[in-house]
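> Pasting the sequence and the predicted coordinates here, then a few questions.
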Amino acid sequence: MHVLVTGASGFAGSLLIPHLHREGHELRAFARDPTRLRIPAAWHVETVCGDVVSGAGLVQALAGIEVAYYLIHSMEGASQGNFPEQERLGAENFAAAAQRAGVARIVYLGGPLPHARAPSRHLASRLNVERILLDAIPASVALRASIVIGARSRSFRFMVRLIERMPVLALPAWQRYRTAPIDARDVISMLAAAAHEPAVGGRSLDIGGLDALTYGEMIGRIAELMLVGRPVIGLRVNATPIFARVPAAIAAEDPELVLPLMESLGGDLLPAGDRAAELLGVRLHSFDAAVEHALAEWEAVEPLAAR
């Protein structure tokens, strides 16, 4: 198939391209800065420079494409509430261009929805993008993941940096809520399968790992697998604006990214169903296996101070 991967220099896109190349697809990569792409010349992957918000490069990128991956998420300006508008505009531009180009399917990686409360700004924006894309191309597929465990996942790296740099882990009240973190390898396998699996066309599927854990259990288990001892103290309050900026500074992460992510931690974020892996033919890894693999990949290029 002729396949376009947007967000090609990002975490998911950079892992998906080698997977799709091994499957023999004709690939095109779309990125705002193609110089950041690390694609071997021998793969003959065409690259297009562009931006979905401005619409630049979309006509060239989508020409002749059968399946397009939409792996673009914009969290810039989160404290001012600008990112939902940026995400909406980018999705609308992409959806309209994909329609005109005759794209058969868009595959989108979004976020899960809470079952007993209103979604946060971050998750509501993801849902809005999902609706725009699926309304434009009815055979499209949306995969909804919570925390992805991978060496380049910013959520995972954020947790690891906190564990490294905080001798005592003081976690807000959201540490008691549960989610189903998923191995990055499983996410990539599901994304690849979603391009051609007829049974998932027009559907939104929650994807999660084998283990449902509280955020506190997840952080504690990562610390154990890193072979470091970190006492965990559970606090009774959230105070998200404060608790987002303090750990962001400790982990050297952008607070404008951390704040909207933490706003999403107001309750359980568990998959609504468990058939996604079955439908897509993917065998899931355990949480421990995902963490061990991610840490090994991380340490192959950069030492972890705590280890």
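Good, I have the coordinates. Bear in mind the structure is a predicted one, so any value in this text is a computation, not a measurement. Numbering: from 1, shown residues only.

> which residues in the stretch 51-200 of the chain form helices?
Assigned by DSSP state H, counting those that start in this stretch, the helices in the stretch 51-200 of the chain fall at 58-62, 83-101, 121-136, 154-165, 184-194.

> could you say what helices and strands the shortest one packs with?
Read that as helix 58-62. Packing partners of helix 58-62 (3 or more Cβ pairs under 8 Å, 6 or more residues apart in numbering; DSSP states H and E): strand 2-6, helix 83-101. The C-beta positions use only the backbone N, C-alpha and C, and glycine is treated the same way.

> please redo it, this time with the cut-off set to 10 Å
Applying 3 or more Cβ pairs under 10 Å, 6 or more residues apart in numbering; DSSP states H and E, one finds that helix 58-62 makes contact with strand 2-6, strand 26-31, strand 46-49, helix 83-101.

> nearest to Ala12, of the ones you listed?
Ala12 sits nearest to strand 2-6 of all the helices and strands packed on helix 58-62, at 8.9 Å, using Cβ to Cβ.

> sorry, back to before: could the helices and strands packed on helix 58-62 go into a markdown table alongside mean pLDDT, distance to Ala294 and mean neighbour count?
Formatted as a markdown table, the helices and strands packed on helix 58-62 follow (pLDDT from 0 to 100; distance: least, Cβ to Cβ, whole Å; neighbours: other Cβ atoms under 10 Å):
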| stretch | mean pLDDT | distance to Ala294 | mean neighbour count |
| --- | --- | --- | --- |
| strand 2-6 | 98 | 21 | 24 |
| strand 26-31 | 97 | 24 | 24 |
| strand 46-49 | 96 | 27 | 16 |
| helix 83-101 | 95 | 26 | 19 |
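
> related to what we said a few turns ago, export the helices of the stretch 51-200 of the chain to TSV and tack on distance to Thr35?
What follows is those, written out as TSV (distance: least, Cβ to Cβ, whole Å):
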stretch	distance to Thr35
helix 58-62	17
helix 83-101	21
helix 121-136	26
helix 154-165	21
helix 184-194	23
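
> Minimum distance to Leu143: which of those helices has it?
The minimum distance between Leu143 and the helices of the stretch 51-200 of the chain falls on helix 184-194, with 5.9 Å, by Cβ to Cβ.

> average model confidence for the closest one?
Mean pLDDT, computed over helix 184-194, is 98.

> do stretch 296-307 as well
Per-residue scores along stretch 296-307 average to 83.

> next one: phi and psi at Ile233?
Per-residue torsions, Ile233: phi -110, psi 120 (degrees, to the nearest 10).

> so where's the stretch 1-150 of the chain shaky on pLDDT?
Scanning the stretch 1-150 of the chain for pLDDT under 70 picks out 74-81, 116.

> Go again with 50.
For the stretch 1-150 of the chain, the stretches with pLDDT under 50 are 76-80.

> Quick check: which of the helices of the stretch 51-200 of the chain is nearest to Ala272?
The nearest among these, by Cβ to Cβ, is helix 121-136 at 12.9 Å.

> Ala12 is in contact with Ser189, correct?
No - counting by Cβ atoms under 10 Å, Ala12 is not a contact partner of Ser189; they are 11.9 Å apart.

> between the two, which one's more packed in?
Using other Cβ atoms under 10 Å, the more surrounded residue of Ser189 and Ala12 is Ala12, with 24 against 19.

> ok, the more buried one touching Ile188?
Yes - under the criterion of Cβ under 10 Å, Ala12 makes contact with Ile188 at 7.2 Å.

> Pretty sure Val67 sits against Gly102.
No - counting by Cβ under 10 Å, Val67 stays clear of Gly102, with 11.7 Å between them.

> Tell me where the stretch 151-300 of the chain has strands.
169-171, 178-179, 182-183, 203-207, 213-214, 232-234 (DSSP state E, counting those that start in this stretch).

> Could I get the contacting residues of the residue nearest to Ala104 when sequence neighbours are not counted?
Closest residue in space to Ala104, ignoring its immediate chain neighbours: Glu66 at 5.1 Å, by Cβ to Cβ, 6 or more residues apart in numbering. Applying Cβ atoms under 10 Å, 6 or more residues apart in numbering, we find Glu66 in contact with 1-4, 25-26, 101-105, 195-196.
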